[in-house]
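# pasting a predicted model and its sequence here:
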Amino acid sequence: MAVAPLSQKEIEDRLAELPGWALDGDRLARAYRLDSHFAAVALVVHVAHIQDELDHHSDLTLGYHTVTLTVNTHSVGGAVTAKDFELAHRVEDIAPGHGAH
Ligand SMILES: C[C@H](O)[C@H](O)[C@H]1CNC2=NC(N)=NC(=O)C2=N1
């Protein structure tokens, strides 16, 4: 799928529909808190499945009770695109099921 960098206004408009996510430099980012370390591990594995399905991969960091994602689109030089928002929305859909907040 061909993707184009989003404008600052497009990013802000899309972020308004995505509570918890923010722009961190040139990357879309969110940190989740979980109730246990293994809940965090399970979320990482679930996100990894989604990322392979979408063929779009965040930098995914596992902490003790935390999972952090930051993502932009490498193929357009590290800009934020619709693919980053697609991934963010897919993660938002499954995160509550893991008790992530
Ligand atoms: C060949 C493969 O489709 C590409 O390298 C994919 C893999 N995952 C990716 N992930 C991200 N974040 N950006 C990309 O441009 C990208 N490209």
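The structure has been received and is ready for your questions.

# check which helix or strand covers the residue nearest to the spatial centre of the chain.
With distances taken as CA atoms, centre = their mean, the residue of the chain nearest its centroid is residue 88 (3.9 Å). For residue 88, the host element (DSSP states H and E) is helix 82-94.

# and that helix, which residues are buried?
83, 84, 85, 87, 88, 90, 91, 92 (16 or more other CB atoms under 10 Å). For glycine as for every other residue, the C-beta is placed from the backbone atoms N, C-alpha and C.

# picking that back up, the residue nearest to the centre of the chain touches residue 18, doesn't it?
Yes - applying CB atoms under 8 Å, one finds residue 88 in contact with residue 18, separated by 5.8 Å.

# mutual contacts of these two, please.
Shared contacts of residue 88 and residue 18 (CB atoms under 8 Å, 6 or more residues apart in numbering): none.

# so where is this protein shaky, pLDDT-wise?
Low-confidence segments of the chain (pLDDT under 70): 1.

# find the nearest non-adjacent residue to the most far-flung residue of the chain relative to its centre, please.
Centroid-distance maximum for the chain: residue 36 at 20.2 Å, with CA atoms, centre = their mean. Spatially, and ignoring its direct neighbours in sequence, residue 36 is nearest to residue 65 (6.8 Å; CB to CB, 6 or more residues apart in numbering).

# sweet, I'm off.
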